[in-house]
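Trainee: All I have is the shape, not the residue letters:
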């Protein structure tokens, strides 16, 4: 394995995080490529979702939604879930925030049940920006820019060390809402946030929500 060459651009103060949703506007700062709203989900909602995933079918949705009809469409699509009203309301709130923040008329929503890591290798997304939140199970993992070598990504990566120590890996917690700046954000080329899906224990399930630009 090649020696780890740490990213030289230490001016990129990568992370903003806060208990307040206003922190999401920090994604517009050039030096940020991940912001995290440290949100706590209602325990009753988490419990209902966990029970549904244990006893019934998986939840899988892929929709394009506008803020105006998101709550109604989602409640209809999630009618088989006992907490459909609460879940639809929580998701519609994120659709509205995402569209307002980026001046979008619509957002692409994916709600997916995972029994194993969907993207187990560290990677960057070829998108401007993606919202990610975990509703049950472990949260998304990511690497700080100053602790990684991008030579360890993509083709030929086997010859390079991406990071030196497992303790370098950062992880979102249940309920956290993150904006992950990707490679197609103007001015962020070769600086997209490096992240991956977390391992999922055997028998467990993870419910992941992502929002993307649809316009």
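Mentor: Cool, the structure landed. These numbers come from a predicted model, not from an experiment.
Trainee: secondary structure element for the residue nearest the centre of the chain?
Mentor: The residue lying closest to the centre of the chain (C-alpha atoms, centre = their mean) is residue 132, at 2.1 Å. Using DSSP states H and E, residue 132 sits within strand 129-136.
Trainee: what about the closest residue to residue 172 other than its chain neighbours, neighbour count?
Mentor: Spatial nearest neighbour of residue 172, excluding adjacent residues (C-beta to C-beta, 6 or more residues apart in numbering): residue 139 at 3.2 Å. (Each C-beta comes from the backbone N, C-alpha and C, glycine too.) By the criterion of other C-beta atoms under 10 Å, residue 139 has 21 neighbours.
Trainee: so what's residue 139 up against?
Mentor: Applying C-beta atoms under 8 Å, 6 or more residues apart in numbering, we find residue 139 in contact with 171, 172, 173, 174, 176, 198.
Trainee: what bits of the protein have low per-residue confidence?
Mentor: 1-13, 116-118, 152, 154-160, 202-203, 215 (pLDDT under 70).
Trainee: ok, so what distance separates residue 188 from residue 182?
Mentor: 7 Å (C-beta to C-beta, to the nearest Å).
Trainee: Equivalent analysis for residue 49, please.
Mentor: As judged by C-beta to C-beta, residue 49 and residue 182 stand 27 Å apart.
Trainee: Strands along the chain, start to end?
Mentor: Per DSSP state E, the chain carries strands over the ranges 15-18, 34-37, 60-65, 107-114, 129-136, 141-143, 170-171, 177-181, 194-196, 206-213.
Trainee: would you list those in JSON lines and tack on distance to residue 73?
Mentor: Compiled in JSON lines, those are given as follows (distance: least, C-beta to C-beta, whole Å):
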{"stretch": "strand 15-18", "distance to residue 73": "30"}
{"stretch": "strand 34-37", "distance to residue 73": "24"}
{"stretch": "strand 60-65", "distance to residue 73": "6"}
{"stretch": "strand 107-114", "distance to residue 73": "9"}
{"stretch": "strand 129-136", "distance to residue 73": "18"}
{"stretch": "strand 141-143", "distance to residue 73": "31"}
{"stretch": "strand 170-171", "distance to residue 73": "31"}
{"stretch": "strand 177-181", "distance to residue 73": "20"}
{"stretch": "strand 194-196", "distance to residue 73": "28"}
{"stretch": "strand 206-213", "distance to residue 73": "14"}
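Trainee: Ok, which of those comes nearest residue 25?
Mentor: Ranking the strands of the chain by proximity to residue 25 (C-beta to C-beta) places strand 34-37 first, at 8.2 Å.
Trainee: mind listing what the nearest residue to residue 37 once chain neighbours are set aside touches?
Mentor: Nearest residue to residue 37 in three dimensions, chain neighbours excluded: residue 177, at 4.3 Å (C-beta to C-beta, 6+ apart). Going by C-beta under 8 Å, 6+ apart, residue 177 touches 21, 24, 36, 37, 39, 94, 131, 132, 133.
Trainee: go with 10 Å
Mentor: Applying C-beta atoms under 10 Å, 6 or more residues apart in numbering to residue 177 gives the contacts 21, 23-24, 35-39, 93-94, 97-98, 131-134, 209, 211.
Trainee: same check, this time on residue 86
Mentor: 41, 42, 44, 45, 48, 49, 75, 78.
Trainee: Can you tell me the closest non-neighbouring residue to the fifth one?
Mentor: If you skip the residues right next to it in sequence, residue 48 has residue 83 as its closest partner in space, 3.9 Å away by C-beta to C-beta, 6+ apart.
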